[in-house]
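> coords below, sequence missing:
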């Protein structure tokens, strides 16, 4: 239960950062979706039963905040999680050299999923030069910051687990 609290707090912090703080800075206005590294983190480091509800929650919240068709983010997050679980079966993704590329590929995969869904829906959305530039910009941001975000998530989750276990031990000793 404490892991769910941690994930929800992290989700909400990342969503607030992405939707309210980052748009105020022009250099960050076209940055990648900050929830992609969280989904990838869950796929790399956490068991499936712990992640399903969190990923569905993430997708639901982002679908409600965006002007995109409902289910777009939820679908993208579920597929990213499935792909990451599949990749971890044969590749040691925790390697610090691979982490920036994992996040960059996750950002690319999310954009490809978006393009695929828009193509299936027949919205007439075309891939323009500006769209390609934005995706390239997002991939560069992911290469530069993604591994740090994954490491930060892992570090804070370990600290959270330690804090919760110490607090639980104190309460059981006192009671």
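Happy to help now that I have it. Here the structure is a predicted model, which means the values were calculated and not measured.

> what ranges in the protein fall below the confidence cut-off?
Applying pLDDT under 70 to the chain flags residues 1, 124-125, 175.

> got the residue ranges for the helices in it?
Per DSSP state H, the chain carries helices over the ranges 2-16, 35-45, 48-65, 72-87, 99-121, 129-174.

> highest mean neighbour count across those, which stretch is it?
Stretch with highest mean neighbour count among the helices of the chain: helix 35-45 (a mean of 24; mean count of other Cβ atoms under 10 Å). Any C-beta I mention is one placed from the backbone N, CA and C, and that applies to glycine too.

> need the helices of the chain in JSON lines with distance to residue 22, can you?
Formatted as JSON lines, those follow (distance: least, Cβ to Cβ, whole Å):
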{"stretch": "helix 2-16", "distance to residue 22": "10"}
{"stretch": "helix 35-45", "distance to residue 22": "13"}
{"stretch": "helix 48-65", "distance to residue 22": "13"}
{"stretch": "helix 72-87", "distance to residue 22": "17"}
{"stretch": "helix 99-121", "distance to residue 22": "15"}
{"stretch": "helix 129-174", "distance to residue 22": "11"}
